[in-house]
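Chemist: Fold the following for me, if possible:
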Amino acid sequence: MTDAPILPQIAAEKAEPRRSSRATRLLLMGFRLSLLVVIVWVIRDQHQWLSAQRRGQLQSSLSIADIHDFFPAATEFGNWDIVHGGRLVRGENNKPLGYIFMTSPTADEVIGYSGPTNLLIATDANHAIAGMKILTSEDTEDHVAMVVDDANFFSGFVGKPLSDIDANNIDAVSGATLTSKAIVETMFLRMHGTKPSLKFSEAVKLEEVERFFPTVKRLQVQSTSATTLNVFDSTDQKLGSIVRTGAASESLMGYQGPTDAIIALGPDDRVVGVAVHQSYDNKEYVDYVRDDDYFAKLFNGNTLGDLAAIDINEAQIEGVSGATMTSVTLAEGLIAAGREAASKTVATHEPRSLQIAARDISTIAIVLFACVLAFTRLRAKRWVRIVFQVLLIGYLGFVNGDLISQALLIGWAQNGVPWKNALGLTFLTGAAFVIPLIGRRQVYCHHICPHGAAQQLVRGLLPWRVRLPSWLSKSLKGVPPLLLAMIVIITMQGVAAEIAHFEPFDAYVIQAAGVATLTIAILGLVASMFVPMAYCRFACPTGAVLDYARQHGQSDRFGRRDYIAAGLVLLAITLRVLTTM
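Modeler: From the prediction side, this is the model:
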């Protein structure tokens with residue numbers, strides 16, 4: 001984890017006698033960035049075409065046998081329901097048994113670790129969930145397998161009416177947090193037309209509702225909206241409803257954070273009160289808003305449609321004195337919730353709200369410290385490097401599992417970057433590409449990658465080294481390009497092969513690690529005991545991609561790396577054309 005000449009090419013770069021003109025270097029850099037952009041575009045375009053073909057085939061090929069796990073007595077399919085789009089399932093004598101739903105393409109916007117998941121959801125005649133299973137997934141195979149193998153995950157939904165399911169009280173699968181949370185959001189987005197706020201996880205309590213409905217005894221999630229609670233008294237008489245603004249207001253920042261408010265609607269669906277439920281804003285300012293009765297009553301008498309039509313400037317909503325930003329942002333959240341309620345499909349078209357978890361903050365902090373280590377003399381302190389390496393392996397690797405891999409990069413190229421629910425990993429990946437481009441240092445490979453850190457630690461365990469012949473060293477450097485070519489072919493052809501198995505990085509997510517991944521990780525570490533940084537130098541396709549656009553001595557002129565990159569782009573374009581012929 002130092003810029004000492006561990007890798008031969010680094011030492012060679014320092015001996016470069018001549019440099020090209022600035023204009024030439026900029027031209028080459030532009031050419032290389034263009035190649036990266038083109039191959040990402042081709043991969044994404046091919047993926048969208050293949051996905052459309054698969055969806056059509058799956059939709060038409062689903063048979064009665066595929067749903068016997070949920071409806072053993074099923075004999076035939078009925079028509080598609082106009083309201084919710086589910087397909088009726090019939091038994092003997094045309095008896096209706098329930099409905100089945102597929103979440104794709106409605107919820108394809110929900111990305112887990114590296115891609116969306118298409119679920120088959122079955123509900124019985126009373127709209128309770130009869131079962132769920134994964135039909136297809138573009139997420140990492142090992143992470144999906146962990147969700148499937150977790151006996152409590154899908155079974156926890158069975159038998160529950162849709163209206164009783166609280167997404168915020170569903171535990172994610174350990175080791176596959178992003179994948180399992182995305183599956184929950186996928187289900188809600190398909191079944192309700194809205195998705196829950198996974199950022200505001202606190203359930204609404206009866207005592208919060210009592211101020212608006214003194215006789216309340218029970219709250220129940222509304223079947224048509226994941227953010228609405230029906231309010232009942234002791235005789236099960238409906239008193240009104242509570243609408244949470246969190247899902248609509250997560251991205252609205254007050255003084256220092258968003259706020260989730262509750263809107264109390266009476267039997268006539270008009271507002272009878274507004275209150276702060278949960279907030280990430282300044283506590284003192286939030287308390288000002290909570291204590292201001294006048295502000296809370298400003299919206300009384302309006303319907304959700306009226307709220308949706310409010311213009312804050314025209315309505316002259318000035319907010320609470322001393323907490324203007326917090327209160328005005330709360331008002332904006334009410335308006336956003338009204339607009340979302342007015343259009344049930346809004347959640348499928350609007351971008352997902354930003355979600356920041358503790359793991360995101362820790363990953364960002366690690367990246368920032370790695371930059372300090374890379375650009376200061378602190379990297380010369382051996383004890384600092386060792387402590388940081390252990391932190392990278394133990395926390396960033398085994399705990400967070402935030403590593404850059406081809407599976408991740410390909411998934412993001414195909415499906416988009418899920419930066420709003422994986423901010424830390426997005427920041428890490430962005431830093432891995434941008435910093436070498438502007439700072440000339442390969443920060444990720446040299447200072448952040450947990451597997452690189454592990455190789456650094458084991459390289460001094462043996463008292464001897466193996467010096468590879470020049471011909472063998474040059475030959476081995478051809479391995480990463482060959483792996484990249486294989487990955488391009490697999491990706492463009494839509495072959496059912498797990499790209500994560502080409503690299504060792506999933507080995508740090510122990511629960512998800514496959515045999516191939518573990519084997520590559522172990523062999524790479526053993527090899528690094530004899531040949532320093534053996535895996536990084538001779539077998540890492542991700543390292544080759546990250547290093548391609550980096551500014552260093554070799555970037556002064558068109559060379560071997562450029563021929564390889566151009567060849568990979570040409571291969572991708574050729575396969576794209578051949579697929580659709």
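Chemist: wait, is Gly112 part of a strand?
Modeler: No - in this structure, Gly112 is coil, not part of a strand, as judged by DSSP: H, G, I helix; E, B strand; the rest coil.
Chemist: Phi and psi next, for it.
Modeler: phi -80, psi -120 (degrees, to the nearest 10).
Chemist: isn't it right up against Leu178?
Modeler: Yes - counting by CB atoms under 8 Å, Gly112 does reach Leu178; the two are 5.0 Å apart. Yep, even glycine has a C-beta here, placed from its N, CA and C like the rest.
Chemist: Flag the shaky bits of the stretch 351-500 of the chain, pLDDT-wise.
Modeler: 351-355, 496-497 (pLDDT under 70).
Chemist: ok, which stretches of it are helices?
Modeler: 358-375, 382-391, 406-415, 423-439, 443, 450-458, 470-476, 479-493 (DSSP state H, counting those that start in this stretch).
Chemist: quick check: mean pLDDT across the biggest helix by length in the chain?
Modeler: Criterion DSSP state H: the longest helix present in the chain is helix 22-61. For helix 22-61, mean pLDDT rounds to 80.
Chemist: So what touches whichever helix or strand comes after that helix?
Modeler: On the C-terminal side of helix 22-61, the nearest following helix or strand under DSSP states H and E is strand 76-80. The contact list for strand 76-80 (CB atoms under 8 Å, 6 or more residues apart in numbering) reads 64, 86-90, 96.
Chemist: Recalculate using a threshold of 6 Å.
Modeler: 87-88, 90 (CB atoms under 6 Å, 6 or more residues apart in numbering).
Chemist: per-domain residue ranges of the chain.
Modeler: 64-192, 206-344, 354-579 (automatic domain parsing).
Chemist: would you turn the helices of the stretch 351-500 of the chain into TSV with mean neighbour count and distance to Val526?
Modeler: Formatted as TSV, the helices of the stretch 351-500 of the chain follow (neighbours: other CB atoms under 10 Å; distance: least, CB to CB, whole Å):
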stretch	mean neighbour count	distance to Val526
helix 358-375	18	26
helix 382-391	14	18
helix 406-415	23	22
helix 423-439	19	26
helix 443	22	26
helix 450-458	23	8
helix 470-476	11	16
helix 479-493	18	17
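Chemist: so which of the ones you listed gets nearest Ile522?
Modeler: Among the helices of the stretch 351-500 of the chain, helix 450-458 comes nearest to Ile522, with 10.5 Å by CB to CB.
Chemist: CA atoms only for that closest one - export them in PDB, please.
Modeler: Output of helix 450-458 as PDB, limited to C-alpha atoms (Å, rounded to 0.1, in the frame of the first residue of the first chain):
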ATOM      1  CA  PRO A 450      -8.700  -5.300   0.200                       C
ATOM      2  CA  HIS A 451      -7.200  -8.000  -2.000                       C
ATOM      3  CA  GLY A 452      -4.300  -5.800  -2.900                       C
ATOM      4  CA  ALA A 453      -3.800  -5.100   0.900                       C
ATOM      5  CA  ALA A 454      -3.800  -8.800   1.600                       C
ATOM      6  CA  GLN A 455      -1.100  -9.400  -1.100                       C
ATOM      7  CA  GLN A 456       0.900  -6.600   0.500                       C
ATOM      8  CA  LEU A 457       0.800  -8.300   3.900                       C
ATOM      9  CA  VAL A 458       1.700 -11.800   2.700                       C
END
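Chemist: tell me what it is packed against?
Modeler: helix 382-391, helix 515-530 (3 or more CB pairs under 6 Å, 6 or more residues apart in numbering; DSSP states H and E).
Chemist: Could you pull out the strands in this protein for me?
Modeler: Under the criterion DSSP state E, strands of the chain are mapped to 76-80, 87-90, 96-102, 117-124, 129-137, 218-221, 228-232, 238-244, 259-265, 271-279.
Chemist: Let's have the ones you listed in CSV, adding mean neighbour count.
Modeler: Shown next, in CSV, are these (neighbours: other CB atoms under 10 Å):
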stretch, mean neighbour count
strand 76-80, 11
strand 87-90, 20
strand 96-102, 20
strand 117-124, 22
strand 129-137, 19
strand 218-221, 17
strand 228-232, 21
strand 238-244, 21
strand 259-265, 25
strand 271-279, 21
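Chemist: just to revisit the earlier point, the helices and strands packed on helix 450-458 into TSV, with extra columns for distance to Asn313?
Modeler: As requested, the helices and strands packed on helix 450-458 are exported to TSV (distance: least, CB to CB, whole Å):
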stretch	distance to Asn313
helix 382-391	49
helix 515-530	56
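Chemist: With adjacent residues omitted, what lies nearest to Pro267?
Modeler: Gly240 (5.7 Å; CB to CB, 6 or more residues apart in numbering).
Chemist: With Phe538 instead?
Modeler: Nearest non-adjacent residue to Phe538 (CB to CB, 6+ apart): Leu476, at 3.9 Å.
Chemist: I'd say that neighbour and Arg537 touch.
Modeler: No - with contact defined as CB atoms under 6 Å, Leu476 does not reach Arg537; the gap is 7.6 Å.
Chemist: Give me the common contacts of these two.
Modeler: Shared contacts of Leu476 and Arg537, defined by CB under 6 Å, 6+ apart, are absent.
Chemist: follow-up on the earlier one: the more surrounded of Gly112 and Leu178?
Modeler: Counted by other CB atoms under 10 Å, Gly112 and Leu178 do not tie: Gly112 has more neighbours, with 29 against 23.
Chemist: pLDDT score for the more buried one?
Modeler: 81.
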